[in-house]
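>>> Structure of the sequence below:
(one chain, ligands or ions: 1)
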Amino acid sequence: MGDRTHDLVVIGAGPGGYVAAIRAAQLGMNVACVDREAALGGTCLRVGCVPSKILLDSSERWHEAAHELPKHGVTTGALKLDLAALQARKDGIVRGLTDGVAQLFRQNGVTRYHGAARLDGPGRVMVEGPDAAMLVASRVLIAAGSRAASLPGVELDGDRIGDSTAALSWTEAPGRLIVIGAGYIGMELGSVWLRLGSKVTVVEYLDRILPGTDAEIAREAQKLFKRQGFSFKLDARVEGALVEGGEVVVRMAGAEPLRADRVLVAVGRVPATDDLGLETVGVRTDAQGRIPVGADFATSAAGVFAIGDCIPGAMLAHKAEEEGVACVEAMSGRAGHVNYDAIPGVVYTQPEIAAVGRTEEELTADGRDFRKGVFHFRANSRARCLGQIDGRVKILADAATDRILGVHMIGPRAGDLIAEAVAALAFGASSEDVARLCHAHPTLSEALKEAALAVDGRAIHA
Ligand code: NAD
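Numbers count the residues shown, from 1 in each chain. Reported below is the predicted structural model:
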């Protein structure tokens, strides 16, 4: 096994790693990217963001056909759900996208190695697997991502008790599903199976759903999810789950046990940093297993960098991508930069929930004076055309300067609408700036303009 020399070795081909590898190749580096999976794209493309959105889109069509189309005067014959075809479509789209990353690697001259990568002292990365090799490089970028957190007392049994990867591939809707954790994953995959026929109970440790989301928006979300048929058990800490007589019994502190056909464990993710040979270069992780980084994502070891879910901050694909690009641009002498104040978050439920910047609770805790403008989608003409009138847009702006500090929405296509708010925040816009922009009529985007007007108490359609 001879040594192979590269300028940069990227460990991990998720959105952080593969984007960094392509950008580094564009900048003239000889780049290797190592991933233990045969398919490129990481958790996001293979078993995360993308397949879950495909299932959300498909299950939404099913729900629409049954419940919404008749309101539009469209009647169909008896509906039939072919879950095998739905899953096959998902697998086909995922294959197309992961193959697309391989194609981008070929176009950009990135060398891919299929195998598990471990640091083996300064400047050396050992690859074990189909493409076994010893790689030598002056720079190594760790983009190894994260994996589902486990819950003490709850063991995944490969059947009835599963994590998000398992819940993406079920071939029939469980009659009764318990989701442990009311975070992003719990609410998105819970929505998929609720729409496909499961009775879904979400058990959450906190007294609210979607931790970190602006509380007013989370309250509205919970109200709408309940209306869709979700049951919630809040303030409930799961202490164990066992398969008994063909069903799962979930035990909670101080409450009667719950029974279900399947359980989805969605209690967060942890960095995948424990088997990377970090000790061979003297890099230590923090208590949560994250790799501390300094300027330009450099770790404490010379030539070793880290980004994405392996380092502190939000565990989001687009945050990892921005960090990957900034990191390799800085390596090649450019000014790589990530604006952490303007990273959006989206929950792809129905309606979607999207946010950028500070929440009302954070501003209050900081003692910051702010003004708030709210506009409801029920007063937006396009939302009425669509028949999707639930939700609101909320803008928080500095009381003295009017600079936008946070934008929070729940409503139709909020995940797309948030892009304008990201631009506004990143460019330091005031609410008046947004209020004076001409927004096409009739569009959902007018709700953002009206919320901006509402900051100054002058929304037109409120
Ligand atoms: P999360 O941190 O969003 O939510 C986990 C929830 O589980 C929390 O509300 C927590 O209080 C609860 N919990 C923990 N222990 C519990 C217990 N013993 N009993 C009951 N409840 C318990 O985590 P997630 O939903 O698993 O998502 C993981 C990561 O993936 C997140 O960082 C998220 O940002 C990311 N993600 C993002 C998207 C997206 O952007 N749309 C989608 C999916 C996942």
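
>>> Any idea how many residues pack against residue 251?
Residue 251 has 16 neighbours, counted by other Cβ atoms under 10 Å. (Each C-beta comes from the backbone N, C-alpha and C, glycine too.)

>>> For the nearest residue to it once chain neighbours are set aside, give me its contacts.
Distances taken as Cβ to Cβ, 6 or more residues apart in numbering place residue 240 nearest to residue 251, at 4.4 Å, with adjacent residues excluded. Contacts here follow Cβ atoms under 8 Å, 6 or more residues apart in numbering; on that basis residue 240 touches 153, 154, 250, 251.

>>> On the three-state scheme, residue 240 is what?
strand (DSSP: H, G, I helix; E, B strand; the rest coil).

>>> And this structure, what are its domain boundaries?
Split into domains by automatic domain parsing, the chain comes to 3-148+270-338, 161-267, 342-455.

>>> Go through these and name the closest to residue 462.
Closest to residue 462 of those is domain 342-455 (Cβ to Cβ; 6.1 Å).

>>> Distance from the closest one to the middle of the chain?
From the chain centre to the centre of domain 342-455 is a distance of 20 Å (Cα atoms, centre = their mean, to the nearest Å).

>>> What number of residues are in the vicinity of the closest residue to the ligand within the stretch 1-150 of the chain?
Among all residues of the stretch 1-150 of the chain, residue 49 sits closest to the ligand, at 6.2 Å; criterion: Cβ to the nearest ligand atom. Close neighbours of residue 49, defined as other Cβ under 10 Å, add up to 21.

>>> list the contacts for the closest residue to it other than its chain neighbours?
Spatially, and ignoring its direct neighbours in sequence, residue 49 is nearest to residue 317 (5.6 Å; Cβ to Cβ, 6+ apart). Residue 317 makes contact with 14, 15, 16, 44, 48, 49 under the criterion Cβ under 8 Å, 6+ apart.

>>> Do you know the pLDDT at the residue nearest in space to the middle of the chain?
Geometric centre of the chain, nearest residue: residue 316, 4.9 Å, by Cα atoms, centre = their mean. The model reports residue 316 with a pLDDT of 98.

>>> do the same with residue 254
pLDDT, read off for residue 254, is 89.

>>> Tell me, how many residues neighbour it?
8.

>>> Same question for the one 10 residues further on.
Other residues lying near residue 264 total 25 when counted by other Cβ under 10 Å.

>>> Next up, the contacts around it.
For residue 264, the contact set (Cβ under 8 Å, 6+ apart) comprises 162, 163, 164, 166, 167, 177, 178, 179, 180, 186, 189, 190.

>>> Roughly how far does it sit from residue 37?
Between residue 264 and residue 37 the computed distance is 22 Å (Cβ to Cβ, to the nearest Å).

>>> ok, and for stretch 168-181, which residues are buried?
Buried residues in stretch 168-181, counted by 16 or more other Cβ atoms under 10 Å: 168, 170, 173, 174, 176, 177, 178, 179, 180, 181.

>>> how about the residues of this protein near the ligand?
Residues of the chain lying near the ligand by Cβ under 6 Å from any ligand atom: 151, 180-186, 188, 203-206, 211, 237-238, 266-269, 314-316, 345-348.

>>> Those in helices, which ones?
Cross-referencing those against helices under DSSP state H gives 184, 185, 186, 188.

>>> Most neighbours among those, please name it.
Per-residue neighbour counts (other Cβ under 10 Å) across these peak at residue 184, which has 26 neighbours.

>>> residues touching that one, list them.
Contacts of residue 184 by Cβ under 8 Å, 6+ apart are 210, 347.

>>> Can you read off the pLDDT for it?
Note on residue 184: pLDDT of 97.

>>> now it: how far from residue 32?
Residue 184 is 32 Å from residue 32, by Cβ to Cβ.

>>> before we move on, what about residue 191?
39 Å.

>>> One more: residue 139?
Taking Cβ to Cβ, one finds residue 139 at 11 Å from residue 32.

>>> neighbour-wise, which of the two wins?
Legend: neighbour count by other Cβ under 10 Å for residue 139 and residue 32, higher for residue 32 (27 against 21).

>>> Provide the secondary structure category for that one.
At residue 32 the chain is in strand, as set by three-state DSSP.

>>> Can you verify my assumption that it contacts residue 137?
Yes. Assessed by Cβ atoms under 8 Å, residue 32 is found in contact with residue 137 at 7.1 Å.

>>> joint contacts of those two?
By Cβ under 8 Å, 6+ apart, the residues touching both residue 32 and residue 137 are 6, 8, 9.
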